[in-house]
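Novice: Have a look at this prediction, sequence included:
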Amino acid sequence: MSFNTILNFFQPRDRVFYGLFEKVVETNKVMAIYLNEFVNISDFEEREAVLKKIENLEHQNDENTHQIFTELGRNFITPFDREDIHYLASALDDIADYIYASAKKINLYKVDPHDKGIHKMAELIEQGTEAIRISVLELRTMKNIGIITTALVKVNSLENQADEVYDMSIERLFATENDAKEVMKKREIFHALETATDKCEDAANVIESIIIKYA
Amino acid sequence: MSFNTILNFFQPRDRVFYGLFEKVVETNKVMAIYLNEFVNISDFEEREAVLKKIENLEHQNDENTHQIFTELGRNFITPFDREDIHYLASALDDIADYIYASAKKINLYKVDPHDKGIHKMAELIEQGTEAIRISVLELRTMKNIGIITTALVKVNSLENQADEVYDMSIERLFATENDAKEVMKKREIFHALETATDKCEDAANVIESIIIKYA
Amino acid sequence: MSFNTILNFFQPRDRVFYGLFEKVVETNKVMAIYLNEFVNISDFEEREAVLKKIENLEHQNDENTHQIFTELGRNFITPFDREDIHYLASALDDIADYIYASAKKINLYKVDPHDKGIHKMAELIEQGTEAIRISVLELRTMKNIGIITTALVKVNSLENQADEVYDMSIERLFATENDAKEVMKKREIFHALETATDKCEDAANVIESIIIKYA
């Protein structure tokens, strides 16, 4: 890969991006683990404590994302197309936003998270953030394209599953919940959860376009 | 057009984009025709059969869109700006997504599609996909800019009409429908229909920016 | 700034962007002032007259935004990255769209705008459009980066405040409003208001990335 050879002369300024992206995907993974914990807790106050941890991680991610954009403005040399860095950073930041929003809305609206659709969605998000984490860690060397490809195929499959869980959950909600306000609250939560998986897919699409160009 | 003369040397790699875009706009048009058929069928099961056809076409479009993005990664030479190809492919794919989503939600929520707002929206979407189809077919030669311009003006007018139909439909829904869950279901369907026309407008805006640069 | 020295040779074609952006941010500011007026008027018909003014300004902004995109297609030389011009124009146009949508929905759904959340949001939007106006006016000379930075920090703070007002308003709405349709109408209005502040933040992010590159 002669392009990478050339890039090595410009070390380490452009390498800063890998480190920042790695921080972001690790944080997203931890947030998803906490989300899973959160939706399985019955007590409101206990959930509030986990929500606080998710919120703090979301702020960390905001700062790391902001630093990626700042470096993008400063750095003439970037390890992949500027546009791809921009899109990937945005998608990863959105994953964090929607994980946090899902948990926040559950406590804000005092919705009971013991619902098989909510539980399933949280699991899919955790698996999605793990697959994204794996593929981003491989970007630094680009040596294991197979590992990246497998992870990306998984993200797409998870997103399809999330779509189905969403549709079934909303259908069930309309069919069984008579309190219209409750329908609204839960639908908003399902929507935030489902959007988190959409954003995993957006991130996967950018990673795919990066490996097509450089692999 | 000397730029095109230069491009001719690189035939046919960059020409692949025209063929893919043409497939996508033809499929969108057929999907819109089926949507129109769908909203005029009273029987749920009969609608289900048409929904299946729409779903299959949506999958075809996903594959063609995916191929456009893959070619964009591989192809150094593109017939217009990479960014424009990216935006246009995304907007056209979104049109298909929202046509499918509109039909799917109608059956999923068991909403009766016999509503003058829904019927009008489906007609506007069909006209919009036809105007987009016409203008995309002209991109290959760029010889009939007038035809493109007329089609784009039409898309903008259709989107304005859809906005009005949407506002009136939602106002009427709130004023006449007492079942709040029914309001939610129909509002979601109107929203999906209206977004399909928004995406036609997005596609028209990209096509306009392409012809400004190359015509 | 040697880059600007070079740019001066290409005057005034690329300077047209500053004038257009300035028109747009001035118009956005006036729209926000009218929105504030609008939400404090009790009489429907009086509000309708102010709504008409907001609508006219929104159309003006549409035309100016369209002209920015047209110039972007025609102009080879631009004062900052084409992508940044594109994003900034879109974000500023979205601010206008959501200000207009907020006011329109209030009258369309016949919602009483005397609500402390609505009033607070309208104030935050006015302050946001003023901060954006100040920073865009400084782009022409780039001589007072401190003024821009202060304004952008303010926009971010306003957006955070708007998020909190939104969350509290929706929580209160669910807790106190028993008419589910009323909840839906107001939630849609709060959402439009909150999105206007999001779009101010999007505009601020683009301006920040511009000054990182050129300052």
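Specialist: Structure received.

Novice: after the lowest-mean-pLDDT helix or strand in chain A, next one along is what?
Specialist: Among the secondary structure pieces of chain A, namely its helices and strands, helix A:2-8 has the lowest mean (mean pLDDT, DSSP states H and E), a mean of 50. Of the helices and strands lying after helix A:2-8 in sequence (DSSP states H and E), the nearest is helix A:16-39.

Novice: which strands and helices sit next to that next one?
Specialist: Helices and strands touching helix A:16-39, as assessed by 3 or more Cβ pairs under 8 Å, 6 or more residues apart in numbering or on different chains; DSSP states H and E, comprise helix A:44-74, helix A:82-108, helix A:116-139. For glycine as for every other residue, the C-beta is placed from the backbone atoms N, C-alpha and C.

Novice: the inter-axis angle of that helix versus helix A:116-139?
Specialist: Taking axes from the mean of the first three to the mean of the last three Cα atoms, to 10 degrees, one finds helix A:16-39 and helix A:116-139 inclined to each other by 160 degrees.

Novice: so what pLDDT did the most centrally placed residue in chain A get?
Specialist: Among the residues of chain A, A:Ile95 comes closest to the average C-alpha position under Cα atoms, centre = their mean, at 3.1 Å. Residue-level confidence at A:Ile95 comes out at 98, pLDDT.

Novice: Wait, A:Glu26 touches A:Ile132, no?
Specialist: No. Contact between A:Glu26 and A:Ile132 fails when scored by Cβ atoms under 8 Å: they sit 10.6 Å apart.

Novice: Pick out whichever of the two has more residues nearby.
Specialist: Neighbours were tallied for A:Glu26 and for A:Ile132 using other Cβ atoms under 10 Å in any protein chain shown; the higher tally belongs to A:Ile132 (29 against 17).

Novice: what's the more buried one in contact with, if anything?
Specialist: A:Val25, A:Asn28, A:Leu92, A:Ile95, A:Ala151, A:Val155, A:Cys200, A:Ala203, A:Ala204, A:Ile207 (Cβ atoms under 8 Å, 6 or more residues apart in numbering or on different chains).

Novice: so who does the residue lying closest to A:Phe21 once chain neighbours are set aside touch?
Specialist: With Cβ to Cβ, 6 or more residues apart in numbering or on different chains as the measure, A:Val136 is the residue that lies nearest to A:Phe21, at 5.3 Å, once sequence neighbours are left out. With Cβ under 8 Å, 6+ apart as the criterion, the residues that contact A:Val136 are A:Phe21, A:Glu22, A:Val25, A:Ile207.

Novice: what pLDDT does A:Val136 get?
Specialist: For A:Val136, the model assigns a pLDDT of 98.

Novice: Would you mind measuring from it to A:Thr65?
Specialist: From A:Val136 across to A:Thr65, the span is 13 Å (Cβ to Cβ, to the nearest Å).

Novice: same deal with A:Val16?
Specialist: Counting by Cβ to Cβ, the gap from A:Val16 to A:Thr65 is 13 Å.

Novice: which one of the two has more residues nearby?
Specialist: Taking A:Val16 and A:Thr65 together and counting by other Cβ under 10 Å, A:Thr65 has the greater number of neighbours (21 against 16).

Novice: and the residue nearest to that one when sequence neighbours are not counted, how many neighbours does it have?
Specialist: Distances taken as Cβ to Cβ, 6+ apart place A:Asp93 nearest to A:Thr65, at 4.3 Å, with adjacent residues excluded. Other residues lying near A:Asp93 total 22 when counted by other Cβ under 10 Å.

Novice: Enumerate the residues of chain A near chain C.
Specialist: Selection of chain A residues close to chain C by Cβ under 8 Å from any Cβ of the partner chain yields A:69-70, A:72-74, A:83, A:104, A:108-109, A:180-181, A:184-185.

Novice: Can you narrow the residues you listed down to the ones near chain B?
Specialist: Subset of the residues of chain A next to chain C in contact with chain B: A:Glu83, A:Ala180, A:Met184, counting by Cβ under 8 Å from any Cβ.

Novice: need the longest helix for chain A.
Specialist: helix A:180-214 (DSSP state H).

Novice: could you list every residue that touches the nearest residue to A:Ile189 once chain neighbours are set aside?
Specialist: Nearest in space to A:Ile189, with sequence neighbours left out and distances taken as Cβ to Cβ, 6+ apart, is A:Lys105 at 5.2 Å. When contacts are counted by Cβ under 8 Å, 6+ apart, A:Lys105 touches A:Val111, A:Lys185, A:Glu188, A:Ile189, A:Ala192.

Novice: For C:Ser90, see how far away the nearest residue to the third one once chain neighbours are set aside is.
Specialist: Put plainly, it is A:Glu188. The shortest distance from A:Glu188 to any residue other than its chain neighbours is 5.9 Å, reached at A:Lys105 (Cβ to Cβ, 6+ apart). As for A:Lys105, its distance to C:Ser90 is 28 Å (criterion: Cβ to Cβ).

Novice: Ok, A:Ala122 next?
Specialist: Following Cβ to Cβ, the distance that separates A:Ala122 from C:Ser90 is 33 Å.

Novice: who has more neighbours, the two?
Specialist: For A:Ala122 against C:Ser90, the residue with the higher neighbour count under other Cβ under 10 Å is A:Ala122, and the figures read 25 against 16.

Novice: so that one makes contact with A:Tyr34?
Specialist: No. Look at A:Ala122 against A:Tyr34 with Cβ under 8 Å: they stay out of range, at 9.9 Å.

Novice: what number of residues lie near the residue nearest to A:Glu58 when sequence neighbours are not counted?
Specialist: Spatial nearest neighbour of A:Glu58, chain neighbours left out: A:Tyr100 (4.2 Å); criterion: Cβ to Cβ, 6+ apart. Other residues within reach of A:Tyr100, judged by other Cβ under 10 Å, total 24.

Novice: who touches A:Tyr100 in this structure?
Specialist: When contacts are counted by Cβ under 8 Å, 6+ apart, A:Tyr100 is found next to A:Met31, A:Ile54, A:Glu55, A:Glu58.

Novice: Need the per-residue pLDDT for the third one.
Specialist: When you say that, I think you mean A:Glu55. Turning to A:Glu55, the model gives it a pLDDT of 98.

Novice: how close does it get to A:Ile99?
Specialist: Distance check for A:Glu55 against A:Ile99: by Cβ to Cβ, it reads 11 Å.

Novice: who has more neighbours, the two?
Specialist: With other Cβ under 10 Å as the criterion, A:Glu55 and A:Ile99 differ in neighbour count, and A:Ile99 comes out ahead with 29 against 14.

Novice: quick one on the thing from earlier: give the contact list for the residue nearest to the centre of chain A.
Specialist: Neighbour list for A:Ile95: A:Asn28, A:Gly128, A:Thr129, A:Ile132, A:Ala196, A:Lys199, A:Cys200, A:Ala203 [criterion: Cβ under 8 Å, 6+ apart].

Novice: how many neighbours does the closest residue to it other than its chain neighbours have?
Specialist: Here the nearest residue to A:Ile95 in space, its sequence neighbours aside, is A:Lys199; by Cβ to Cβ, 6+ apart that works out to 4.5 Å. Number of residues near A:Lys199 (other Cβ under 10 Å) recorded here: 25.

Novice: got a list of what A:Lys199 touches?
Specialist: Under the criterion of Cβ under 8 Å, 6+ apart, the contact partners of A:Lys199 comprise A:Ala91, A:Leu92, A:Asp94, A:Ile95, A:Tyr98.

Novice: Contact residues of chain A facing chain B?
Specialist: Taking Cβ under 8 Å from any Cβ, the part of chain A that reaches chain B is made up of A:83, A:167, A:170-171, A:174, A:180, A:183-184, A:187, A:205, A:208-209, A:212-213.

Novice: 6 Å instead?
Specialist: Contact residues of chain A with respect to chain B, defined by Cβ under 6 Å from any Cβ of the partner chain, are listed as A:Glu171, A:Phe174, A:Ala180, A:Val183, A:Ser209, A:Ile212, A:Lys213.
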